[in-house]
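I'll drop the sequence and a predicted model, then ask my questions.
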Amino acid sequence: MPDGGRPRDTRPGVVPIVDVSAWTAPDAADRSTERQAVARRLDAVCRTVGFAQIVGHGVPDTLIADMLAVTTEFFDQPVEEKRRLLPPGPEVNRGYAPLGSEALAYSLGAEDALPDLFEAFNVGVDAWPAGDPYHEAESHRMFAPNLWPAHPARMRAVWVEYFTTLSRLAGTLMSAFAQALDLPTDYFATRTGRAPNVMRANRYLRHPGAPDPAPGQLRMGAHTDYGACTILLADDVPGLEILGPDGRWHGVRPAPGAFIVNIGDLLARWTNDRWRSTLHRVVPPPTAEHGPALRRSIAFFHEGNHDAVVECLPTCVSADNPARYPAETVADHLMAKLLGPRTLTTSAATSTTIGRA
Ligand SMILES: O=C(O)CCC(=O)C(=O)O
Ligand SMILES: [Fe+2]
């Protein structure tokens, strides 16, 4: 082995790198042959792994650096400060989630799970046209007001800019996904274009003097993401694992500058499982390893419009391949998924992992 017996770094490992610049670049309109090649590659990756590393995404490095800086400043405050931002109830996915307050395993129907070892901060859509009935209908829940901290003062401006930038990127990815599924490129625009997207920063940190995790306790329990797709910015620190097509857990380390994009339950349901909503988890560092083992991630969850009915796409159903999931509104699916982990009770949501490894 090249460096004294340590295993060679095998990035990108099981998660292929996909360059999407033919879809995101200013001259994307002139690159239809390349766009089609990217769409075909996305289809192949989404059918097998359900996770890709996206490069050529066009999100400026400076914005990413600002996001990480303000978010680190936020989490570095005393916990009492952060607890001022607790949401009014579990149905409001906003503000601060303290260490150990959630367990993602419940989202898959677990009946008993140890608390996860992360803390998090969540925001949703920050503003919409005053009085708009679509948004007002969910202003108590999926469009609830954000809970912004007083410090750092720049937090809201930077987060809103990043949220807006990633909403645009998600829209572009949905166009590429539509083409990959042999649909018109604007197919998802009316189904996801006004979605109650959520952005969540996770911090995993071993606090000095904290007990070792209990046997089986994870930094984040195994789950599938609930929405259409997720765009994840993560430190290149071990911990994230995905269940591969071979039925084994594989570590994922992001390539420099790449976002990790994964398919969520809504796209698995739309595609009748042609695309995988892949199980993933975050494992704790080995107990023998010293230090805080800090790992940071920021997940942008691209959902569907809350009133969209998700049912099998016309290109993904046939007499030999009947629809596997009942039609359901996005709101019903997302709320059923969300409440389990946040109330530490079994979720009643339909799982996309049944019958899979
Ligand atoms: O922290 C990570 O790498 C994964 C986070 C994640 O899966 C999530 O927030 O849904
Ligand atoms: Fe996730």
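Right, received. Where do you want to start? Ligands and ions are numbered 1, 2, ... in the order given.

from here on, contacts and neighbour counts on C-alpha atoms
Will do.

any idea how far whichever residue of the stretch 101-250 of the chain sits closest to ligand 1 is from L233?
In the stretch 101-250 of the chain, the residue found nearest to ligand 1 is L240; the distance is 4.9 Å by C-alpha to the nearest ligand atom. As judged by C-alpha to C-alpha, to the nearest Å, L240 and L233 stand 12 Å apart.

who's more crowded, these two?
Taking other C-alpha atoms under 10 Å, L240 and L233 do not tie; L240 has more neighbours (23 against 20).

what does the pLDDT read for the more buried one?
At L240, the model reports a pLDDT of 96.

just the one 4 residues further on next, same as before
Model confidence at G244, expressed as pLDDT, equals 91.

and what of V160?
For V160, the pLDDT comes out at 98.

with P286 instead?
Looking at P286, its pLDDT stands at 82.

neighbours around it, how many?
The local packing of P286 (other C-alpha under 10 Å) involves 10 other residues.

likewise the one 10 residues further on?
A count of neighbours around R296, defined by other C-alpha under 10 Å, yields 19.

please, which helix or strand holds it?
In this assignment (DSSP states H and E), R296 forms part of strand 295-302.

direction included, what does that strand pair against?
Under the criterion DSSP bridges, strand 295-302 sits next to strand 198-204 (antiparallel), strand 229-234 (antiparallel) in its sheet.

so for that strand, mean pLDDT?
What strand 295-302 shows for mean pLDDT is 98.

that one close to ligand 1?
Yes - Strand 295-302 lies within reach of ligand 1 by C-alpha under 6 Å from any ligand atom, at 297, 299.

and the stretch 151-300 of the chain, which residues reach ligand 1?
Residues of the stretch 151-300 of the chain lying near ligand 1 (C-alpha under 6 Å from any ligand atom): 225, 234, 240, 297, 299.

what bridges to the fourth one?
When bridges are taken as DSSP bridges, the partners of S297 come out as N202, A234.

OK, contacts around it?
The contact partners of S297, by C-alpha atoms under 8 Å, 6 or more residues apart in numbering, come to 201-203, 232-235.

could you do the first one as well?
Residues in contact with D225, defined by C-alpha under 8 Å, 6+ apart, are 263-265, 277.

mind running it again at 6 Å?
Residues counted as contacts of D225 (C-alpha atoms under 6 Å, 6 or more residues apart in numbering) are G264.

same question for the third one.
Under the criterion of C-alpha under 6 Å, 6+ apart, the neighbours of L240 are 251-252, 281-282.

give me that answer again for 7 Å
251-252, 281-283 (C-alpha atoms under 7 Å, 6 or more residues apart in numbering).

farthest pair within the residues of the stretch 151-300 of the chain next to ligand 1?
Spatially, the most separated pair among those is D225 and A234, at 15.7 Å (C-alpha to C-alpha).

for this protein, which segments count as strands?
Remark: strands assigned in the chain by DSSP state E are 17-19, 51-55, 95-97, 119-124, 198-204, 220-223, 229-234, 240-243, 249-251, 259-263, 280-282, 295-302, 309-310, 328-329.

and the longest one with strand 119-124, angle?
What that stands for is strand 295-302. 20 degrees (axes from the mean of the first three to the mean of the last three C-alpha atoms, to 10 degrees).

now strand 295-302 - C-alpha only, PDB.
Output in PDB follows, covering the C-alpha atoms of strand 295-302 (Å, rounded to 0.1, in the frame of the first residue of the first chain):
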ATOM      1  CA  ARG A 295     -18.400  16.700  11.800                       C
ATOM      2  CA  ARG A 296     -20.600  19.400  10.200                       C
ATOM      3  CA  SER A 297     -23.200  19.000   7.500                       C
ATOM      4  CA  ILE A 298     -25.800  21.200   5.900                       C
ATOM      5  CA  ALA A 299     -28.700  19.400   4.200                       C
ATOM      6  CA  PHE A 300     -31.000  21.200   1.800                       C
ATOM      7  CA  PHE A 301     -34.200  19.100   1.500                       C
ATOM      8  CA  HIS A 302     -36.100  19.700  -1.700                       C
END
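
excluding its backbone neighbours, what's nearest the residue positioned nearest the centre of the chain?
The residue lying closest to the centre of the chain (C-alpha atoms, centre = their mean) is T230, at 3.4 Å. Excluding the flanking residues, the one nearest T230 by C-alpha to C-alpha, 6 or more residues apart in numbering is F301, at 4.6 Å.
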